[in-house]
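[1] Sequence and predicted structure below; questions after.
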Amino acid sequence: MVGHEFRQAQTALSIQAMQRDGFSIDYPTPILGKPWSIPMEFPLYQYAVVKYCEVFDVGVTQGGRWVSAWCFLLGLPALILLLREAGFSWGASALGVIPVITAPVYLFYSRTVMIESMAWAASAWFLVGVLNYRRSGAPEGVGLALVAGAIAVLVKATTWAAFCLPWAGLFIWDFWQMARRKATPTYWRPLIVQAGGIGVPLLLLGFVWVKTADAIKGENPLAHFLLSSELSRFNFGSWADRWDAANWDMLFQRWSEALLPWWVILPAFGWGLIARKSRVIAGLGLSAFLGIQLVFFGLYHLHDYYLYANGAMVGLAMGALAAAGWDNGRRWFASALPALGLVVAVGAGHFDLYRSHQYVYQTMPSKGVSALSKVMQAIVNPDEVVVAHSPDWNSGLAFYADRRMMMIPDAQMYLNPDHVKQGVERLRDESTPLFLMMRESKVHGDWLADRIDDMGLWPAPLFTTSSAVTAYARIDRYPAMRQKLEVLDFKGIFLTPPYPRTADADKMQTAGTKMAEELAEMGLFPTAVVFPYGFRIDRDSQGFSLGTHAPTELYIPVPEGATAVKIVFGVNPDSLSQKDFDGVGVQLELISPEGTATPFYQTWISPNSADHRREISADLPTSQSSELLYRVTGGPRDSYAYDQAWLRSLEFEFGE
């Protein structure tokens, strides 16, 4: 999905979820945690794609592209009828639509998984209905305007607003004419019907949907930044933005890539204003094209695909010039030939722009399916959730992996940390076996420490990726995930190496040394140890305890016939209260005679742990072993000042 992958992936993720869960106005978009619903638009497009995929047995991406293309084609007859309303012949009206068909913005975005073309086509038919009623007074025009307008308002109100501006211009003109003539109330009826029978109901519908969507989004702690009140500046921009020359330079650049260069567009409108028959269309088109950008300045400044809504205003203005020439009644070389020449010139310019800009992107291979998305599918079950810290909340990874995610944007960690805590808390009844620290988020060790505590993660990374992602697994799933990834081969996925057996160079013969004698009093007879910060053995009423700093390694021979190991260990309560304490991990590995290490027990004692003392009995995964490795690791910040653990006992158990 090339071209604004962020928005395409968000729409595709909603479609994917709707395929599983069915249609609902609170349709899920599983990217920001529970509840999964964050509706932006009414899901008519999404549901149409679901049905298309069912009927034609295609995937979401292919189905979404086809529905977008069909919606664009369904909107073209409406443009022809708009030119007919302006008084052009059928042939001239068909000719006048060609500049719209060839515009790069429509050639490119009409095959994306986006709602643009459905909203655009519905808005065009809405305007046809309004103008039909304005001309004839037929009730069919009101019905068409209401039905098409309702679809447009619900799917994308900003597109509907673009097509309302030409109607508003004509409405003001009619109002002024009525007022100037001091018309009787009977003559005001068409304006009253347009305002009260079409405009007000559609505005109310849009208002109701915005309030409904806000209420649904408001249930999700992480989605508050998507409420309409929070997006006001994003949508409309500020007055200062409108006076900033750099912003207008950006808009001119967008025009020059999505349509013709601005220095062609503006003269074309001027030419259209001079020509009598195209004057109305050119004037209304210019007003709508510029006016909607002034209203939603923030959106048009940030996103080139918003020109899909008002780009047709430019195309119809140029098409109207060609249509006027076609219908001028002169000989073919003075009418049809110049009209065709204009259309050919505009089309050639459009295709050249499309070839040098959009076509390059449109023919690029999609980067959506990545090694990371494949890994997520391989090691995370379909009903489980992946949690991530990320600079943004791009839905692409969740869509291509087909897994629900809670992506925590960095901004929310700074601005609304309480909302993040609420969102994490709501996942308590979900299985969350995998956690990702993505790109710039990785520098925040405190965030990682919180998630280790919340999700029960093993603090050592499971793997890293070439796209700057570090993955962590839940303690109980870490061994199985690691084993699976050792078999699978994903390019760009780097399985973190197992902890090295650092004690090999420092083999300690226990007999005849003071350390060995002290360890022997505890019943420990290691073949090797790693105590980089020394050790301490204390004795109390309960017996001995071995205290060490992380990192600690203790290699102990496994007696023949042993089937399980029982250990009692923990952390000093005083360490838990220290500011720099970020947790201690304890891991047991079984080392085979060939030297292969198999982790079979892992646990994590975090600063917030209620139980700082642990007593466990773990079965040995195999009898073919030579050594047991008891390992103590530090927290994610690599600050070992208070990362201390004590070992009370380590005993082997034997089966019958």
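    Cool, the structure landed. Numbers count the residues shown, from 1 in each chain.
[2] Who are the contact partners of P532?
    Applying C-beta atoms under 8 Å, 6 or more residues apart in numbering, we find P532 in contact with H549, P551. All C-beta spots, glycine's among them, are computed from the backbone N, C-alpha and C.
[3] Tell me which helix or strand it sits in.
    Counting by DSSP states H and E, P532 is held by no secondary-structure element, helix or strand.
[4] So for it, what's the pLDDT?
    Confidence at P532, expressed as pLDDT, is 79.
[5] which helices and strands does the longest strand seen in the chain pack with?
    Ranked by residue count, the top strand of the chain under DSSP state E comes out as strand 644-654. Using 3 or more C-beta pairs under 8 Å, 6 or more residues apart in numbering; DSSP states H and E as the contact test, the elements touching strand 644-654 are strand 543-549, strand 552-557, strand 562-570, strand 584-591, strand 627-633.
[6] give me that answer again for 6 Å
    The elements that strand 644-654 packs onto, with contact taken as 3 or more C-beta pairs under 6 Å, 6 or more residues apart in numbering; DSSP states H and E, are strand 543-549, strand 562-570.
[7] and those strands, which one is worst for confidence?
    Set side by side, the helices and strands packed on strand 644-654 show their lowest mean pLDDT on strand 543-549, which sits at a mean of 83.
[8] That strand pairs with which strands, parallel or anti?
    Each strand paired with strand 543-549, and its direction, by DSSP bridges: strand 535-540 (antiparallel), strand 644-654 (antiparallel).
[9] which of the ones you listed sits most buried?
    When the strands paired with strand 543-549 are scored by mean count of other C-beta atoms under 10 Å, the highest mean neighbour count falls to strand 644-654 (a mean of 18).
[10] residues in contact with it?
    With contacts defined as C-beta atoms under 6 Å, 6 or more residues apart in numbering, strand 644-654 is touched by 545-547, 549, 559, 561-562, 564-571, 575, 584, 632.
[11] what's the average pLDDT for that strand?
    In the prediction, strand 644-654 has an average pLDDT of 87.
[12] Then stretch 17-28?
    Across stretch 17-28, pLDDT averages out at 93.
[13] What residues sit buried inside it?
    Under the neighbour-count criterion of 16 or more other C-beta atoms under 10 Å, stretch 17-28 has A17, M18, D26, Y27, P28 buried.
[14] who are the neighbours in contact with the second one?
    Counting by C-beta under 6 Å, 6+ apart, M18 touches Y27, Q46, V50.
[15] The first one and P43 touch, don't they?
    Yes - counting by C-beta atoms under 6 Å, P43 is a contact partner of Y27 at 4.8 Å.
[16] and R439, what is it in contact with?
    Contacts were defined as C-beta under 6 Å, 6+ apart; by that measure R439 touches P391, A468.
[17] Now do the phi/psi pair for it.
    In this entry, R439 is assigned phi and psi values of phi 50, psi -120 (degrees, to the nearest 10).
[18] Once you drop chain neighbours, what's closest to A324?
    The spatial neighbour of A324 that comes closest, neighbours along the chain excluded (C-beta to C-beta, 6 or more residues apart in numbering), is K277 at 4.1 Å.
[19] Doesn't that neighbour belong to a helix?
    No - membership of K277 in a helix is not supported by DSSP: H, G, I helix; E, B strand; the rest coil, which gives coil.
[20] mind checking how far it is from S89?
    If you measure K277 against S89 using C-beta to C-beta, to the nearest Å, the figure is 11 Å.
[21] higher neighbour count, those two?
    Legend: neighbour count by other C-beta atoms under 10 Å for K277 and S89, higher for K277 (19 against 13).
[22] State the distance from the more buried one to F88.
    Using C-beta to C-beta, we find K277 at a distance of 8 Å from F88.
[23] mind checking which helix or strand of this structure has the lowest mean pLDDT?
    Comparing helices and strands within the chain by mean pLDDT, DSSP states H and E singles out helix 262-274 as the least confident, with a mean of 68.
[24] quick one on the thing from earlier: so the residue nearest to A324 touches A322, yeah?
    No - the pair K277 and A322 does not pass the contact test of C-beta under 6 Å, sitting 11.2 Å apart.
[25] So which residues of the stretch 401-550 of the chain form helices?
    Shown for the stretch 401-550 of the chain, the helices assigned by DSSP state H, counting those that start in this stretch span residues 410-415, 417-425, 445-455, 478-487, 514-521.
[26] where does the stretch 151-300 of the chain dip in pLDDT?
    Within the stretch 151-300 of the chain, the segments meeting pLDDT under 70 span 182-187, 262, 265-266, 268-276.
[27] Now the closest residue to F23 other than its chain neighbours: which helix or strand?
    Setting aside the residues directly before and after it, F23 is nearest to Y47 in space (C-beta to C-beta, 6+ apart), at 5.1 Å. Assigned by DSSP H and E, Y47 belongs to helix 44-56.
[28] what's next to that helix, contact-wise?
    Counting by C-beta under 6 Å, 6+ apart, residues outside helix 44-56 touching it are S14, I15, M18, Q19, F23, G63, G64, V67, I115, M118, V155.
[29] after that helix comes which helix or strand?
    Once the chain leaves helix 44-56, the following helix or strand, as judged by DSSP H and E, is helix 60-85.
[30] next one: the helix or strand following that next one to chain centre, how far?
    Heading C-terminal from helix 60-85, the first helix or strand you meet, by DSSP H and E, is helix 90-96. Its chain's C-alpha centre lies 42 Å from the corresponding centre of helix 90-96 when counted by C-alpha atoms, centre = their mean, to the nearest Å.
[31] Residues contacting helix 90-96, please?
    Counting by C-beta under 6 Å, 6+ apart, helix 90-96 makes contact with I80, L83, R84, G319, A320, A322, A323, W326, D327, all of which sit outside it.
[32] now do 8 Å
    Residues outside helix 90-96 that contact it (C-beta under 8 Å, 6+ apart): 79-81, 83-84, 88, 316, 319-320, 322-324, 326-327, 339-340, 343.
[33] how about the strands in the stretch 251-400 of the chain?
    With DSSP state E, counting those that start in this stretch applied, the stretch 251-400 of the chain shows strands at 385-390, listed in chain order.
[34] Surely G423 and P221 touch.
    Yes - G423 lies in contact with P221 (C-beta atoms under 8 Å); the separation is 4.6 Å.
[35] Now the common contact residues for the two.
    Residues touching both G423 and P221 (C-beta under 8 Å, 6+ apart): G33.
[36] and for Y27 and P43, which residues touch both?
    Taking C-beta under 8 Å, 6+ apart as the contact criterion, the residues that touch both Y27 and P43 are S14, M18.
[37] got the contact list for the closest residue to R474 other than its chain neighbours?
    Counting by C-beta to C-beta, 6+ apart, P433 is the residue found nearest to R474 once chain neighbours are left out, at 4.5 Å. Shown here is P433, whose contacts under the criterion C-beta under 8 Å, 6+ apart are I379, V380, N381, E384, A473, R474, R477, M481.
[38] switch to 10 Å and redo it
    Taking C-beta atoms under 10 Å, 6 or more residues apart in numbering, we find P433 in contact with 379-381, 384-387, 455-457, 472-478, 480-481.
[39] In PyMOL, select just the buried ones from these.
    Under the burial definition 16+ other C-beta under 10 Å, those of these that qualify are selected in PyMOL by:
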select buried, resi 379+380+384+385+386+387+455+456+457+472+473+474+475+477+478+481
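[40] Pop the domain breakdown of this protein in here.
    Residue ranges of the domains in the chain are recorded as 39-362, 371-495, 503-654, according to automatic domain parsing.
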